[in-house]
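> Using only what follows, build the 3D model:
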Amino acid sequence: MQIKFIVAAVLAMVNFAVATPPACLLAVMGVQSNPADIKLMCGGMQKAVLGNMTTACQGSSLSPAYNVYASTCSGVGVKVGA
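Okay, here's the model as predicted:
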């Protein structure tokens, strides 16, 4: 069942973002309670998502993951880091 939520979240990200989400970002979203709820992932869960992203996305993958996440959140009217 959770795989459906992950797929929905990934598809939503691809719709808003130009770049393909890095694998670490997909892993981060996959461990969240409801990854299909983009507004929740960008709003109330933003601190958890960013914390998990910092842990999961090492080296050169962190910046692209952050950019895709920030772009996705911007697409639903939420500023990351605010």
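> ends of stretch 27-39, how far apart?
18 Å (Cα to Cα, to the nearest Å).
> mind checking which helix or strand of this structure has the lowest mean pLDDT?
Here the helix or strand of the chain ranked lowest by mean pLDDT, DSSP states H and E is helix 2-16, holding a mean of 56.
> Follow the chain on from that helix and name the next helix or strand.
helix 23-30 (DSSP states H and E).
> Check which element follows that next one along the chain.
Criterion used, DSSP H and E; the element after helix 23-30 is helix 38-42.
> What helices and strands are in contact with that following helix?
With contacts taken as 3 or more Cβ pairs under 8 Å, 6 or more residues apart in numbering; DSSP states H and E, helix 38-42 sits against helix 2-16, helix 62-75. For every residue, glycine as well, the C-beta is placed using N, CA and C.
> what stretches of the protein score poorly on pLDDT?
1-19, 82 (pLDDT under 70).
> Just give me the residue right at the centre of it.
For the chain, the residue nearest the mean C-alpha position is Tyr69 (4.4 Å; Cα atoms, centre = their mean).
> just checking, it touches Asn52?
No - using Cβ atoms under 8 Å, Tyr69 is not in contact with Asn52; the gap is 10.6 Å.
> Which neighbours do the two have in common?
Both Tyr69 and Asn52 lack any common contact, where contact means Cβ atoms under 8 Å, 6 or more residues apart in numbering.
> pull the CA atoms of the one helix or strand Val49 maps to into PDB?
Element membership for Val49, per DSSP H and E: helix 46-56. Output of helix 46-56 as PDB, limited to C-alpha atoms (Å, rounded to 0.1, in the frame of the first residue of the first chain):
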ATOM      1  CA  GLN A  46       9.200  20.000   6.300                       C
ATOM      2  CA  LYS A  47      11.500  19.900   9.300                       C
ATOM      3  CA  ALA A  48      11.500  16.100   9.300                       C
ATOM      4  CA  VAL A  49      11.900  15.900   5.500                       C
ATOM      5  CA  LEU A  50      14.800  18.300   5.500                       C
ATOM      6  CA  GLY A  51      16.500  16.400   8.400                       C
ATOM      7  CA  ASN A  52      16.100  13.100   6.700                       C
ATOM      8  CA  MET A  53      17.300  14.600   3.500                       C
ATOM      9  CA  THR A  54      20.500  15.900   5.200                       C
ATOM     10  CA  THR A  55      21.100  12.400   6.500                       C
ATOM     11  CA  ALA A  56      20.200  10.400   3.300                       C
END
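> I am finished for the moment; much appreciated.
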